[in-house]
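Visitor: A structural model of the following input is requested.
(one chain, ligands or ions: 1)
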Amino acid sequence: MPSPLKRKVRSELKLRTKARKKPKTESGSLAVVDALPWRTLSHAGVFGNAYDDGILELEEVDNVQVVYDETSGGRVATFKILDAPQITTSSRLPEDGETADVPEVPDVPCEDVEEVVPRNRSTGGLLPEWDAFGLHDQLIHALSNQSFTNPTPIQLKALPLALQRRDVVGVAETGSGKTLAYGLPILHKLLSRRKNPESKTRRPVRALILAPTRELALQISSHLNACLNGIRTAEERSTSKDPNMPNPPPPVSVAAIVGGMSPHKQKRILSRGVDVLVATPGRLWDIMQEEGELANDITSLDFLVLDEADRMIEAGHFAELDNILRLTLRQYCEDQHDPVLEDGPVVDSANDSLQTFVFSATLSKDLQRNLRKRAKPKKSGKGSGPLTTLEDLLERLDFRDPEPEVIDLSPEGGVVSSLQESQVECLSADKDTYLYYFLLRYPGRSLVFLSSIDGIRRLAPLLELLELKTYPLHSQLEQKQRLKNLERFKSTPGSVLLATDIAARGLDIPYVDHVIHYQIPRSADTYVHRNGRTARAMRQGFSLIMCAPDERKVLRGLLTNLGREDGEIPQMNIELYILDKLKARVQLARQIDVAQHKANKAKHEKNWLKETADAMEIELDSDFSISDAEATPNGPTKRQQKAASAKNKGQRLQLKQLLAQPLLAQGVSKRYITSGSNPLVHELLAGESHETMLGVKKTSAGSDLLKKRGKKYSKEEYEEWSGFGSTP
Ligand SMILES: Nc1ncnc2c1ncn2[C@@H]1O[C@H](COP(=O)(O)OP(=O)(O)OP(=O)(O)O)[C@@H](O)[C@H]1O
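Guide: Below you'll find the model as predicted:
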């Protein structure tokens with residue numbers, strides 16, 4: 001027993017600045033300072049620029065009691081290493097060559113035990129803003145590696161509730177970190193479980209995350225995996241002594257099951273054991289029908305997540321989604337048999353512990369209100385109107401929490417504060433020219449949304465002819481091509497992605513400078529989500545609505561739905577003089593494309609006829625040529641084809657020359673750069689001139705809006721503008 005004079009100090013975190021070898025020390029013994037279990041600290045993000053001040057390394061120690069003895073020689077401090085009562089991984093000090101960060105894997109005979117494995121608190125002070133959540137150390141390291149020093153507002157609100165096993169409905173603006181708001185509590189719980197690495201039995205799926213599009217599901221999976229990568233490496237290092245031995249299974253595995261990819265491979269991955277399954281409902285349901293074990297897993301999940309719930313029910317997957325969700329109902333578990341599945345999985349008991357998360361940037365206020373009322377007995381009959389599809393979906397979610405917590409952090413009007421919106425009025429026939437103008441005028445990574453696949457097919461070759469790096473993304477492309485195009489867009493600065501609304505939700509593409517609504521979106525929610533591909537994680541972003549006169553009404557309705565007015569969105573300033581010049585380029589490119597399209601079609605028909613003749617075992621004349629037009633009455637003759645090809649070549653050359661010519665702003669002379677109403681020399685010297693539009697200042701799109709909100713063009717401007725209406 002320490003005397004009353006002895007003062008006990010529990011050292012939660014002591015720092016020192018010199019690295020030393022960690023000696024072996026018996027737990028509970030008195031030790032000199034050097035013998036304490038110091039751990040080297042990663043200095044990143046913790047000590048500011050201490051590293052630059054000559055400090056080479058920092059160490060920390062915890063679970064040490066400092067005992068002061070008043071002796072005749074003065075005060076003497078001794079240090080006692082406490083038994084770590086809650087922390088098994090740090091109760092044993094690291095052996096030589098072992099790092100303190102590797103969690104000890106207890107040898108437990110069972111596959112997966114519910115109790116939480118005490119954690120190695122080696123992250124104290126690493127990310128102070130995250131400390132309050134008590135997240136698993138490895139997650140803290142992963143967050144630190146990604147420089148996520150602060151939780152985002154939705155994470156700040158959702159994490160404590162989710163970690164207390166509450167059901168959470170989270171609504172927050174696009175790009176605000178919703179994935180980790182539900183992902184971290186899931187990973188925390190799964191990482192904190194005891195596992196037997198030797199176990200040969202299949203690991204059941206513990207968490208199911210449903211997402212509406214394949215790209216989003218794959219993205220969620222890689223986002224969560226990014227939080228586990230460090231762990232995997234450490235675990236592999238510690239357990240795999242023989243470099244030739246295959247890596248042991250990761251402590252927590254995350255995988256995606258989506259359509260358009262090999263189902264066999266996906267089944268193989270599942271058979272190896274997946275803890276967190278991210279899936280699109282269609283493919284998941286297909287696989288579940290063949291894999292009874294997977295269906296069984298779904299009946300006893302720990303976590304169920306609906307990401308972009310409102311979109312999922314629009315995507316034509318509602319039947320599959322409904323079937324999957326039925327397996328998660330307590331009622332289903334009680335019935336012990338699913339009428340949908342022929343051999344419905346038999347479950348032991350109702351899954352009372354399921355935790356449900358529903359997240360989106362857009363969930364109607366009405367719906368949220370209804371959710372809040374769920375716990376109260378429902379009034380049936382009079383007054384309770386028909387349920388919307390989304391309400392219906394949420395009715396089908398069997399929240400175990402009597403009052404699921406609704407967190408609504410959605411901004412007024414649905415728009416992220418770091419987004420600058422704009423609009424331009426133009427005739428439908430001129431949209432290509434306006435788009436080309438914008439892309440040239442404001443170089444950057446631009447995501448252009450179109451309402452139809454045909455529109456993308458028409459526009460993509462046109463922009464390519466105009467020498468813009470363009471990638472299409474729509475549902476009729478093969479999945480591999482979709483992912484390839486997305487990757488190319490991500491890695492190519494200044495490129496253009498032409499996409500349908502499959503890219504509107506959830507996709508986290510870093511540094512999208514502009515979102516362009518080539519056509520007005522169908523709903524207010526789609527407008528919000530499309531815009532959300534830029535201005536993510538508090539970065540600046542810009543969006544442009546291209547509005548034809550016949551779309552005006554739709555736009556007005558859409559803004560009304562968001563509680564806003566049409567005049568709120570400022571008009572884009574357009575250099576009409578330059579726009580006029582671009583029109584010639586666009587027209588020529590269009591002619592080339594149309595001619596090319598015709599030639600391709602004729603070639604295709606020729607091949608088709610030959611293939612059909614082969615299939616029918618009919619011999620065509622040896623001098624047969626479809627281009628001679630005998631076979632297809634309306635087809636071009638060989639001579640016509642040659643002429644068309646020559647014309648096409650000539651036009652391509654002409655376009656090349658046009659594209660090589662500098663674009664001069666009104667009043668600018670290339671020859672007399674020091675004279676004219678707008679002498680070029682000043683801007684050139686100051687490096688302020690636009691690269692391809694001489695005499696136009698290099699500015700960002702956001703700074704080029706007409707000052708007065710909703711201001712219309714002047715009469716002259718308008719006349720000039722409307723002169724673009726003549727279809728080529
Ligand atoms: N705490 C954080 N600090 C900094 N960045 C973060 C943090 N959490 C997440 N991020 C990053 O923010 C970006 C947006 O996150 P996420 O994709 O989860 O947003 P979201 O809210 O789901 O968006 P959407 O509604 O469009 O789906 C991602 O690049 C993510 O890595």
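Visitor: what does the stretch 151-300 of the chain have sitting close to the ligand?
Guide: 151-152, 155, 172, 174-180 (C-beta under 6 Å from any ligand atom). In this view, the C-beta of every residue, glycine as well, is placed from N, C-alpha and C.
Visitor: list the ones among the residues you listed that fall in helices.
Guide: In this view, these that belong to helices under DSSP state H are 155, 178-180.
Visitor: adding distance to Arg203 and neighbour count, write those out as JSON lines.
Guide: Formatted as JSON lines, these follow (distance: C-beta to C-beta, whole Å; neighbours: other C-beta atoms under 10 Å):
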{"residue": "Gln155", "distance to Arg203": "27", "neighbour count": "27"}
{"residue": "Lys178", "distance to Arg203": "26", "neighbour count": "25"}
{"residue": "Thr179", "distance to Arg203": "23", "neighbour count": "22"}
{"residue": "Leu180", "distance to Arg203": "23", "neighbour count": "25"}
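Visitor: ok, now which ones touch Leu284?
Guide: Counting by C-beta atoms under 8 Å, 6 or more residues apart in numbering, Leu284 touches 210, 257, 277, 320, 324.
Visitor: follow-up on the earlier one: of the residues of the stretch 151-300 of the chain next to the ligand, which is the nearest to Thr492?
Guide: Thr492 lies nearest to Gly175 out of those, by C-beta to C-beta, at 20.9 Å.
Visitor: ok, and the closest non-adjacent residue to Lys490?
Guide: The shortest distance from Lys490 to any residue other than its chain neighbours is 5.5 Å, reached at Ile509 (C-beta to C-beta, 6 or more residues apart in numbering).
Visitor: if we can go back for a sec, now for the residues of the stretch 151-300 of the chain next to the ligand, which pair is the farthest apart?
Guide: Spatially, the most separated pair among these is Pro151 and Thr174, at 17.4 Å (C-beta to C-beta).
Visitor: these two: which has the busier surroundings?
Guide: Thr174 (29 against 22; other C-beta atoms under 10 Å).
Visitor: my guess is that one contacts Val528. True?
Guide: Yes - if you go by C-beta atoms under 8 Å, Thr174 and Val528 touch, sitting 6.8 Å apart.
Visitor: for those two, list the residues in contact with both.
Guide: Contacts common to Thr174 and Val528, judged by C-beta under 8 Å, 6+ apart, are Ala361.
Visitor: circling back to that earlier point, inside helices: which ones of the contacts of Leu284?
Guide: Counted as lying in helices by DSSP H, out of these, are 320, 324.
Visitor: which one among the contacts of Leu284 gets closest to Ile298?
Guide: Scanning the contacts of Leu284 for proximity to Ile298, where the rule is C-beta to C-beta, the winner is Ile324, at 6.5 Å.
Visitor: ok, the closest one touching Trp285?
Guide: Yes - Ile324 is within contact range of Trp285, at 5.9 Å (criterion: C-beta under 8 Å).
Visitor: phi, psi of Phe449?
Guide: phi -100, psi 130 (degrees, to the nearest 10).
Visitor: that one - how many residues pack around it?
Guide: Neighbours of Phe449 (other C-beta under 10 Å): 28.
Visitor: do Arg556 as well
Guide: Neighbours around Arg556, by other C-beta under 10 Å: 15.
Visitor: that one: helix or strand, and which one exactly?
Guide: Arg556 is part of helix 552-561 when elements are defined by DSSP states H and E.
Visitor: and the next helix or strand past that helix?
Guide: Once the chain leaves helix 552-561, the next helix or strand it forms, by DSSP H and E, is helix 576-615.
Visitor: quick check: mean pLDDT of that next one?
Guide: Regarding helix 576-615, the rounded mean pLDDT is 83.
Visitor: which elements pack onto the next helix or strand after that helix?
Guide: The helix or strand immediately downstream of helix 576-615 is helix 638-660, counting by DSSP H and E. Counting contacts by 3 or more C-beta pairs under 8 Å, 6 or more residues apart in numbering; DSSP states H and E, helix 638-660 packs against helix 576-615.
Visitor: so how far is Arg268 from the closest residue to Leu450 other than its chain neighbours?
Guide: Once flanking residues are discounted, Leu450 sits nearest to Tyr518: 4.9 Å by C-beta to C-beta, 6+ apart. Look at Tyr518 and Arg268: by C-beta to C-beta, to the nearest Å, they are 41 Å apart.
Visitor: hang on, the earlier thing: show the pLDDT at the residue nearest to Leu450.
Guide: Confidence score, pLDDT, at Tyr518: 98.
Visitor: next, count neighbours for the residue of the stretch 1-150 of the chain found nearest the ligand.
Guide: Going by C-beta to the nearest ligand atom, the ligand is nearest to Phe148 of the stretch 1-150 of the chain, at 3.7 Å. Applying other C-beta under 10 Å, we find 20 residues neighbouring Phe148.
Visitor: got it, and the one 10 residues further on?
Guide: For Ala158, the neighbour count with other C-beta under 10 Å is 29.
Visitor: elements contacting the helix or strand where it lies?
Guide: Here Ala158 sits within helix 153-163, counting by DSSP H and E. Packing contacts for helix 153-163, counted by 3+ C-beta pairs under 8 Å, 6+ apart, involve strand 168-172, helix 178-191, strand 355-360, strand 405-409.
Visitor: try it again at 7 Å.
Guide: On a contact count with 3 or more C-beta pairs under 7 Å, 6 or more residues apart in numbering; DSSP states H and E, helix 153-163 meets strand 168-172, helix 178-191, strand 405-409.
Visitor: mean confidence (pLDDT) on the helix or strand that the last one is followed by, please.
Guide: Beyond strand 405-409 in the direction of the C-terminus, DSSP H and E gives the next helix or strand as strand 419-425. Per-residue pLDDT over strand 419-425 has a mean of 94.
Visitor: ok, and does strand 419-425 reach over to the ligand?
Guide: No - Strand 419-425 lies out of reach of the ligand by C-beta under 6 Å from any ligand atom, never closer than 12.1 Å.
Visitor: against which helices or strands is that strand packed?
Guide: With contacts taken as 3+ C-beta pairs under 7 Å, 6+ apart, strand 419-425 sits against strand 541-547.
Visitor: tilt between the strand it packs on and helix 552-561?
Guide: Calculated by axes from the mean of the first three to the mean of the last three C-alpha atoms, to 10 degrees, strand 541-547 forms an angle of 140 degrees with helix 552-561.
Visitor: strand 541-547 relative to strand 419-425, how many degrees between them?
Guide: Using the same axes, to 10 degrees, strand 541-547 lies at 20 degrees relative to strand 419-425.
Visitor: count the residues that sit near the residue in the stretch 251-400 of the chain that the ligand sits nearest to.
Guide: Relative to the ligand, the nearest point of the stretch 251-400 of the chain is Ala361 (4.0 Å; C-beta to the nearest ligand atom). Neighbour count for Ala361, taken as other C-beta under 10 Å: 28.
Visitor: tally of neighbours for the residue lying closest to Cys227 once chain neighbours are set aside?
Guide: Once flanking residues are discounted, Cys227 sits nearest to Ala142: 4.2 Å by C-beta to C-beta, 6+ apart. If you count neighbours by other C-beta under 10 Å, Ala142 ends up with 23.
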